[in-house]
Structure formats: structure tokens, C-alpha cells
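Engineer: What shape does this take:
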Amino acid sequence: MKLGALLQSRMSGFALLVALLALWELSVRTGLVRLVSWPAFSSIVRAWFKLIAQGEMLRHLGHSLERLALGYALAVAAGVLLGLLMGYFPAIYNFLEPVVEILRPIPSPAYIPMAILFFGIGDRMKVFMIVFACFFPILLNTCSGVKAVDPVQVNTGRTFGLGSWQILRQIILPAASPYIFTGMRISLAVSLMLTVIAEMVAGNNGIGLFILLAQRSFRVSEMYAGVITLALLGYVLNVVFVQIERRVMRWHVGATTMETR
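Structural biologist: Numbering: from 1, shown residues only. I've put the predicted structure just below:
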């Protein structure tokens with residue numbers, strides 16, 4: 001019953017999306033909207049398939065995904081490691097917290113001019129910006145997850161003779177993993193945004209540059225095709241992440257279900 005209701009709810013969401021796209025198409029076909037900047041959705045779809053067939057869209061998308069994957073992986077490694085240390089060791093938290101809270105509120109795109117000065121306009125700059133933007137949500141969520149661990153679990157581990165690093169690895173890390181995955185999911189969307197922004201500001205390829213060049217050359221349908229590609233990519237990345245999270249966190253979902261019964 002619950003599964004049927006979930007599927008029905010999901011289908012209603014897709015139905016709303018289809019209705020909005022149909023309204024978009026009708027607004028142009030009926031002459032309700034007469035703007036060069038508002039093409040019919042069908043022309044955008046044709047442009048999208050043409051770009052896919054020519055390989056241009058896939059080529060730009062491939063460059064963007066390379067940067068995104070590398071930057072995101074580095075941010076996850078650094079954010080989780082430092083978050084565990086800051087959450088578990090008060091001395092490390094007190095030492096790093098002022099620096100983190102000074103750097104964190106500054107919008108990431110504001111660092112792009114400085115990043116260009118240090119790294120140039122190549123891939124290193126773009127990867128650095130992705131790492132920098134994704135790092136803080138993962139760090140803060142990991143740190144919060146560590147602090148939220150029940151002290152009874154930690155004391156029990158110490159009773160059984162576990163050292164600090166063993167407690168961190170065997171007790172803290174599994175208990176904080178729901179928080180860690182939350183930070184990773186937030187940062188996944190941030191990584192896509194910063195990839196596009198960095199490519200628009202200083203790029204020689206990538207989906208962000210493609211959208212910007214299409215807009216500048218007034219290829220409006222191709223511009224929208226690039227934006228739709230980003231929407232599809234973001235949706236697919238989120239679906240894949242959720243599936244991975246469910247597999248890795250299956251024990252947590254099962255425990256939560258047992259508690260609610």
C-alpha cells in the first residue's frame with residue numbers, strides 16, 4: 001500500500017512537469033508569448049538531440065564531469081577526515097574553528113579571481129573551487145554527527161579497552177555516517193553549481209562555457225538545451241547518490257524502522 005502510494009505520488013510529480021512543459025509549448029504555438037528568448041520547447045528538444053548526435057554536448061559534459069568527480073572526491077576525503085578530528089578532539093576544534101567560521105560565510109564564487117591568480121584558468125583552478133565549495137558542508141555535517149554520538153557508546157568502547165583511534169573508526173564513524181551522507185548530498189549539488197560557474201568565468205570547455213557561448217551567439221535553443229542537460233544531470237546524480245546511500249546505510253534504515261515499530 002505504501003509502495004503504491006509512493007509510486008502514485010511520484011507519477012503525479014512527473015505529470016505536473018509534463019503539464020508545465022506542454023504549457024510552455026502552447027504559449028509559443030498559440031502566439032501568447034512572442035519572444036526570441038522564449039522558443040518552443042519542441043525546438044529545444046530538437047536542438048538537444050542534434051547536439052547529442054554531433055557529440056558536442058557529450059564532449060563538453062565529459063570535461064565537466066571530470067572536474068566535478070575529482071573535486072568532489074577530494075572534498076569528501078578532506079571534509080570527512082577533518083570533520084572527524086574536529087568533532088572528536090576538542091583541541092583541534094578550538095584550533096581550527098575560527099578559521100573555518102571566517103572562510104565559510106564568504107560566497108565561493110568570490111574566491112574565483114584569487115584562484116585564477118594562483119592557479120591560472122586551467123583545470124586546477126576549477127577543481128580547487130569545487131573542493132573549496134564542497135568542503136564546508138561536509139566538514140560541518142561530519143563534525144555535528146560526531147558531537148551527536150551518544151557518550152554511552154564511546155564510554156562502552158573505552159571500557160572494552162579501545163583506544164581513541166579505534167573508537168573513532170569503529171564507533172564514531174558509523175554513528176556519524178547519516179550526518180556525513182547528508183553533507184555529501186548537499187555538496188554534490190554545490191559541486192555542479194561551482195563547476196558551471198568556474199567554466200563560465202574562465203573556461204575553454206565544459207557545459208558552463210557551452211551555455212555561455214550559446215547565449216552570446218544568440219543560439220537560444222542550444223542555450224536552453226544546455227540548461228536542460230544540467231537539470232537532467234543534477235537529477236541523475238541525485239538518484240545515483242540516493243541509491244548508493246541506501247545500500248551503504250541499509251543498517252541504519254533497518255534500525256530506524258525497528259525503532260518506529
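Engineer: For the residue nearest in space to the middle of the chain, give me its contacts.
Structural biologist: Taking CA atoms, centre = their mean as the criterion, L188 is the residue nearest the geometric centre of the chain, at 1.5 Å. For L188, the contact set (CB atoms under 8 Å, 6 or more residues apart in numbering) comprises Y72, C134, L237, N238, F241. Bear in mind the C-beta positions are built from the backbone N, C-alpha and C, glycine included.
Engineer: Most neighbours among those residues, which one is it?
Structural biologist: C134 (30 neighbours; other CB atoms under 10 Å).
Engineer: Sticking with that residue, tell me its helix or strand.
Structural biologist: Using DSSP states H and E, C134 sits in helix 123-147.
Engineer: Give me the mean pLDDT for that helix.
Structural biologist: The pLDDT scores in helix 123-147 average 94.
Engineer: What of stretch 235-249?
Structural biologist: 90.
Engineer: That stretch: how far from the chain's middle?
Structural biologist: Mean C-alpha position of stretch 235-249 versus that of the full chain (CA atoms, centre = their mean, to the nearest Å) differs by 12 Å.
Engineer: cool, and stretch 160-173?
Structural biologist: Taking CA atoms, centre = their mean, one finds the center of stretch 160-173 at 30 Å from the center of the full chain.
Engineer: Next, the buried residues of it.
Structural biologist: Using 16 or more other CB atoms under 10 Å as the burial criterion, the residues of stretch 160-173 that qualify are L162, I167, L168, I171, I172, L173.
Engineer: Likewise for stretch 57-77?
Structural biologist: Within stretch 57-77, the residues scored as buried using 16+ other CB under 10 Å are 57, 60-61, 63-65, 67-68, 71-72, 74-76.
Engineer: same question, stretch 117-127
Structural biologist: F119, D123, M125, K126, V127.
Engineer: Output those residues in a markdown table; the columns should cover distance to L96.
Structural biologist: As requested, the buried residues of stretch 117-127 are arranged in a markdown table below (distance: CB to CB, whole Å):
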| residue | distance to L96 |
| --- | --- |
| F119 | 24 |
| D123 | 28 |
| M125 | 25 |
| K126 | 26 |
| V127 | 23 |
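Engineer: Please name the nearest non-neighbouring residue to S187.
Structural biologist: Counting by CB to CB, 6 or more residues apart in numbering, C134 is the residue found nearest to S187 once chain neighbours are left out, at 3.8 Å.
Engineer: was I right about Y88 contacting V146?
Structural biologist: Yes: if you go by CB atoms under 8 Å, Y88 and V146 touch, sitting 5.4 Å apart.
Engineer: what residues do the two have in common as contacts?
Structural biologist: Joint contacts of Y88 and V146 (CB under 8 Å, 6+ apart) are I172.
Engineer: any idea how far M200 is from Q54?
Structural biologist: Taken as CB to CB, to the nearest Å, the spacing of M200 relative to Q54 amounts to 22 Å.
Engineer: for G206, phi and psi?
Structural biologist: phi 110, psi 160 (degrees, to the nearest 10).
Engineer: what do you get for G87?
Structural biologist: Per-residue torsions, G87: phi -70, psi -30 (degrees, to the nearest 10).
Engineer: V36 too?
Structural biologist: phi -60, psi -30.
Engineer: and it, what is it in contact with?
Structural biologist: V36 neighbours (CB under 8 Å, 6+ apart): F218, V220.
Engineer: Please apply the same query to the one 3 residues further on.
Structural biologist: Shown in contact with P39 (CB under 8 Å, 6+ apart): V28, V220, S221, Y224.
Engineer: one more time with 10 Å, if that's ok
Structural biologist: For P39, the contacting residues are W24, E25, V28, V33, A47, V220, S221, E222, M223, Y224, by CB atoms under 10 Å, 6 or more residues apart in numbering.
Engineer: Looking at the buried residues of stretch 57-77, which two lie furthest apart in space?
Structural biologist: Farthest-apart pair in these is M57 and V76; separation 27.5 Å (CB to CB).
Engineer: returning to what we had before: M200 and Q54 - which one has more neighbours?
Structural biologist: Just comparing M200 and Q54: by other CB under 10 Å the higher neighbour count belongs to M200, 19 against 10.
Engineer: Nice, that's everything, thank you.
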